[in-house]
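Novice: Quick one: sequence plus predicted model below, questions after.
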Amino acid sequence: MAIRHFLTLADLSAEELTQVIERAIELKTLRAQGITTDLFRGKVLGMIFEKSSTRTRVSFEAGMAQMGGSALFLSPRDTQLGRGEPVEDSARVISRMVDMVMIRTFGHQVLERFSEYSKVPVINALSDSYHPCQLLADIQTFVEHRGNPEGKVVAWVGDGNNMCHSYINAARLCNFELRIACPPGYEPNANILASASDRVTLVHSPVDAVKGADWVATDVWASMGQETEQQTRLRAFEKFLVNHELMSYANSNAVFMHCLPAHRGEEVSDDLLEDEAISVVWDEAENRLHAQKALMEFLQDNSR
């Protein structure tokens, strides 16, 4: 059996994605009931962080511990990766010592090169191109609150970034309609957009995207590595704030999601973020834990 990696959502079939989401919900229920599992007993997850994180580190590390395994935090300043060792060499060595590797990095090609030489599954915990683990949590959250997303309308309001790219992949796998609203010049990658042209519409008006939507999502306007563009982006995105007024154009039972951390008052209003009748961001954040446990279990079981 070949090693299974998770670099984008497209590494799963629609059926496999459903399987992972259902298992994530089951694992969440078991944890709430105080039922533990040791499926990862004796297993070690190597966690390579080139980008800092709160939710990613806590969710992966806690997830391994809750299932009987352990995790190693590896940063560039602590490893030879930060001193110029080729990614291929690090992959050959690290993958002989751990059972799975998760990488949070800038360039997506780092993940592709590492996985090519790895003897164990590799997980994309975020790259500049995709953030598939977050989409697992987002899909799980929608299923829990509103059911199957198939046939629904999803609106992405903001930058055509890694989250937006992963929403495009999700539209293909989950068979929902995705409307992307972003300012001119901040559109998603044209090739990724074209790959789902039958599911995705690109507009430049948040209202046009949100009208009749069942699920509205956004993200910060300047991601890590774009800090020098902060002021330029604030001006470009000033009409892309998601608030109660914008949500009034969505369906009456629409949910709002944000991968966090949020810049309150910029891409989302404070009162919307705290409105638990619409905002499901705290469940969404927690579900990183459960979705990733289900993902790691899936990769382990399908890479033997």
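Specialist: Everything's here; your move. Numbers count the residues shown, from 1 in each chain.
Novice: Helices of this protein, residue ranges please.
Specialist: Listed in chain order, the helices of the chain (DSSP state H) span residues 14-32, 55-66, 87-94, 108-117, 132-146, 162-174, 190-194, 206-210, 230-236, 244-247, 270-273, 281-301.
Novice: Using CSV, please lay out these together with mean neighbour count and mean pLDDT.
Specialist: Where you see a C-beta, it was placed from the backbone N, CA and C, and this is true even at glycine. Formatted as CSV, those follow (neighbours: other Cβ atoms under 10 Å; pLDDT from 0 to 100):
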stretch, mean neighbour count, mean pLDDT
helix 14-32, 17, 98
helix 55-66, 19, 97
helix 87-94, 18, 94
helix 108-117, 19, 96
helix 132-146, 23, 98
helix 162-174, 25, 98
helix 190-194, 13, 97
helix 206-210, 21, 98
helix 230-236, 13, 91
helix 244-247, 17, 98
helix 270-273, 16, 98
helix 281-301, 22, 98
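Novice: Columns distance to residue 39 on top of these, output as JSON lines?
Specialist: Below are the helices of the chain laid out as JSON lines (distance: least, Cβ to Cβ, whole Å):
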{"stretch": "helix 14-32", "distance to residue 39": "10"}
{"stretch": "helix 55-66", "distance to residue 39": "10"}
{"stretch": "helix 87-94", "distance to residue 39": "22"}
{"stretch": "helix 108-117", "distance to residue 39": "23"}
{"stretch": "helix 132-146", "distance to residue 39": "18"}
{"stretch": "helix 162-174", "distance to residue 39": "25"}
{"stretch": "helix 190-194", "distance to residue 39": "34"}
{"stretch": "helix 206-210", "distance to residue 39": "40"}
{"stretch": "helix 230-236", "distance to residue 39": "43"}
{"stretch": "helix 244-247", "distance to residue 39": "40"}
{"stretch": "helix 270-273", "distance to residue 39": "35"}
{"stretch": "helix 281-301", "distance to residue 39": "6"}
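Novice: Just give me the neighbour total for residue 104.
Specialist: By other Cβ atoms under 10 Å, 23 other residues sit near residue 104.
Novice: all numbers from here: first residue = 506
Specialist: I'll keep to 506 as the first residue from here, and by that count the last item is residue 609.
Novice: Pull the contacting residues for the nearest residue to it once chain neighbours are set aside.
Specialist: Nearest residue to residue 609 in three dimensions, chain neighbours excluded: residue 630, at 4.1 Å (Cβ to Cβ, 6 or more residues apart in numbering). Remark: with contacts taken as Cβ atoms under 8 Å, 6 or more residues apart in numbering, residue 630 is in contact with 552, 558, 561, 565, 607, 608, 609, 638.
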